[in-house]
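Visitor: give me coordinates for this.
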Amino acid sequence: MDTERVTLRHLPGGSAASVTLREPCGRDEIAVEGVDTRAAVALLERLLRGHEPAVPGAMDLAASDRDALLASLHRQLWGDRVRSTLPCTGCGKRFDVAFELSTLQRHLGEASGDWRAVVGGAIANADGDTWRVPTAREEMDAIAEDARGAAARLAARVGVGAGDITRAARALEAGAPIIDAEIEAACAECGAAQLTHFDLQSFVLQRLLDERPALLAEVHVLADGYGWSLREILALERRTRRALAALVAEARSRAAARPPRVALP
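Guide: Residues are numbered from 1 along each chain as shown. I've put the predicted structure just below:
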């Protein structure tokens, strides 16, 4: 099962490309080890590898394009609506927050002004200003060299002078936005208005990590029900694995509900 087609706008070696992610299998889900950029790149690399041969690896994608793929993955796995439960800063009680991911993406896109993606993984405006959008490889290399000075090192890697860092950052925020924003919310209990931080990358990866117990339970049900090996079960696409595990669980529930047989004399 493929997801929606996603346009990658900031490919370093050429123009935009339209791609899809394959449906994750258990091996992909269980391989997630964190919520940082390295974990996001590893997951997207698995879902792109061999599926979109004409597209560079996930290490060579810009953060904006990675987030577009993660948004598509969220819609594939859980739908467009984002739901979370947060503690109120006013009364301390927990309340639900929900919004449409596509609406947030559209809002970020509308804030781009006259910045546009151009060939070569850069953005440009009507005044002729051009900034190259860094890739995951450049981000991680800069952090590995010096975490404290990562921003300055990354700027130097993409050709931004020391005096232009603020200008470039603002341009990239508009022209190649990531899905990392403050969301307005109101507590259902006390009505207090507040801002909550939403970072799509962390949200998607943490949700997969939170589902790990359910994944292992499905593996157990299928191994016990069909006698399949761990390798065979983890190779199943997510949707197939979950459907089969539900069928086994339902069959067991029906069997347990049947009245016991009484042997006639």
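
Visitor: how many neighbours does Ala144 have?
Guide: Using other C-beta atoms under 10 Å as the criterion, Ala144 is surrounded by 10 other residues. (Each C-beta comes from the backbone N, C-alpha and C, glycine too.)

Visitor: which strand or helix spans it?
Guide: Assignment of secondary structure by DSSP states H and E places Ala144 within helix 136-145.

Visitor: name the helices or strands packed onto that helix?
Guide: If you count contacts as 3 or more C-beta pairs under 8 Å, 6 or more residues apart in numbering; DSSP states H and E, helix 136-145 packs onto helix 37-48, helix 63-78, helix 150-157.

Visitor: which residues of the stretch 101-250 of the chain fall in helices?
Guide: 101-110, 136-145, 150-157, 165-175, 200-210, 212-226, 230-234, 238-257 (DSSP state H, counting those that start in this stretch).

Visitor: to Glu52, which of the ones you listed lies closest?
Guide: Distance to Glu52, taken as C-beta to C-beta, is lowest for helix 136-145 among the helices of the stretch 101-250 of the chain, at 16.1 Å.

Visitor: chain neighbours aside, what residue packs nearest to Asp141?
Guide: Arg157 (7.2 Å; C-beta to C-beta, 6 or more residues apart in numbering).

Visitor: in a strand, Ser18, correct?
Guide: Yes - judged by DSSP: H, G, I helix; E, B strand; the rest coil, Ser18 forms part of a strand.

Visitor: identify the residues contacting it.
Guide: 5-8 (C-beta atoms under 8 Å, 6 or more residues apart in numbering).

Visitor: report pLDDT for the spatially most central residue of the chain.
Guide: Among the residues of the chain, the one closest to the centroid is Leu70, at 3.0 Å (C-alpha atoms, centre = their mean). We have a pLDDT of 98 for Leu70.

Visitor: can you report how many residues neighbour the closest residue to it other than its chain neighbours?
Guide: In space, and not counting its chain neighbours, Leu70 is closest to Val204: 5.0 Å by C-beta to C-beta, 6+ apart. Using other C-beta under 10 Å, Val204 has 24 neighbouring residues.

Visitor: what's His10 sitting at in phi/psi?
Guide: phi -130, psi 40 (degrees, to the nearest 10).

Visitor: who touches the nearest residue to it once chain neighbours are set aside in this structure?
Guide: Using C-beta to C-beta, 6+ apart and skipping the chain neighbours, the partner closest in space to His10 is Ala62 (3.9 Å). Residues in contact with Ala62 (C-beta under 8 Å, 6+ apart) are 10, 121, 133-136, 176.

Visitor: beta partners of Ala62?
Guide: Thr135 (DSSP bridges).

Visitor: pLDDT score assigned to it?
Guide: Ala62 is given a pLDDT of 93.

Visitor: gap between His107 and Trp115?
Guide: 15 Å (C-beta to C-beta, to the nearest Å).
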